[in-house]
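>>> My questions are about this predicted structure, shown below with the sequence.
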Amino acid sequence: MSKNLKFFFLLSLLTLIIFACSLPSNPQKTDPNIVFTAAAQTASVQLTEAVSKTVTQPPPSTQPTLLPSFTPAPTTESNCDKAKFVKDVTVPDGTVFSPGESFTKTWRVKNIGTCTWTTGYTLIFNGGSQMGGVSPTLLTGNVSPGETIDISVNLAAPATTGDYLGNWQIQNDSGELFAKIYVLIQVGTPCFAVTSVNLSVSGSCGHFVITAHITTNGAGEVTYKWKRSDGGIDTTNHPTLIYTSAGTQSVSTDWHLNAAGSHWMDIYIDAPNHQQFGRADFSCP
């Protein structure tokens, strides 16, 4: 090899070596996903630290305010003056009267309290239509616990047609009210009816005579039968009572009775009312 050729070869080799040392190595490409992942991991760590600090904070020292519980005040009810309505002896609900017509309303009431009702107790009007009734009206006698009494008040139908309700109560000698009762009537052209029956008793143990005074509001016919405390059935075919106008007629029956104790006799109006009226009480020693 000639000198010139050797020199050119060495020069070329040297040039290659120099360029190999000075050229940059292949750069490593950066994945953008790696950058975002790292950022997300950093944010996650910061959020976790924040939540951890929030959760581990102690609860507030003050407790929520509780509403106070409600305990009803105890109530007491006196058993002294108590009453139970038994029935309408006269003037059942809805009875029709002519305008201005007079009538007597009678209630049967039982003393179911522990105190005796005295003649110091009164019946008083307590709202609705008074219909001319006297208030207060004294009770007619003492009523012991367990006993019944018929309480009556004289009334008059109002002058205008319509329905009328009158409320009444018993008032004790201390002014306290109990025993709510009422009268409910219609004012118009009445159908024929028995409006009241008053009973009386005569005789003595062994032979009692019971008389019923039956009052109607007009002309018509009345049929009836008796009922008594021993459960006896009245099978007598009593004559029909014929009324030519409003008025009162009397019928009687007797009872031969020697059994000791208290007894009663009722009268039942078959027609036109289909209603039990009145009670006669009596006893044998």
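Here it is on my side, so go on.

>>> Quick one: name whatever helix or strand follows the helix or strand V197 falls within.
Element membership of V197 [criterion: DSSP states H and E] is strand 194-204. With elements assigned by DSSP H and E, the helix or strand that comes after strand 194-204 is strand 207-216.

>>> counting contacts, what elements does that following strand pack onto?
strand 194-204, strand 220-228, strand 247-255, strand 261-271, strand 275-284 (3 or more C-beta pairs under 8 Å, 6 or more residues apart in numbering; DSSP states H and E). Where you see a C-beta, it was placed from the backbone N, CA and C, and this is true even at glycine.

>>> Buried residues, stretch 138-151. List them.
Neighbour counts over stretch 138-151 (16 or more other C-beta atoms under 10 Å) mark 139, 143, 148-151 as buried.

>>> And for stretch 216-234?
216-218, 220, 222, 224-226, 228-229.

>>> cool, stretch 103-119 as well?
Here stretch 103-119 shows 103, 105-111, 113, 115, 117 as buried, counting by 16+ other C-beta under 10 Å.

>>> For that stretch, list the C-alpha coordinates in CSV.
What follows is stretch 103-119, C-alpha atoms only, in CSV (Å, rounded to 0.1, in the frame of the first residue of the first chain):
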residue,chain,number,x,y,z
PHE,A,103,-147.3,18.4,74.5
THR,A,104,-145.4,16.8,77.4
LYS,A,105,-142.0,15.3,76.8
THR,A,106,-141.0,12.5,79.2
TRP,A,107,-137.6,10.8,79.4
ARG,A,108,-136.8,7.7,81.4
VAL,A,109,-133.3,8.1,83.0
LYS,A,110,-131.3,5.7,85.3
ASN,A,111,-129.0,6.8,88.0
ILE,A,112,-125.7,4.9,87.3
GLY,A,113,-123.6,7.0,89.6
THR,A,114,-122.8,6.7,93.3
CYS,A,115,-124.7,9.7,94.6
THR,A,116,-128.5,10.0,95.2
TRP,A,117,-130.3,12.6,93.1
THR,A,118,-132.4,14.8,95.4
THR,A,119,-135.2,17.3,94.8
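
>>> I149 sits in which helix or strand?
Assigned by DSSP H and E, I149 falls in strand 148-156.

>>> who's in contact with that strand?
Strand 148-156 is contacted from outside by 86, 89-90, 100-111, 117, 123, 131-134, 137, 139-141, 143, 166, 168, 170, 181, 183, 279, using C-beta atoms under 8 Å, 6 or more residues apart in numbering.
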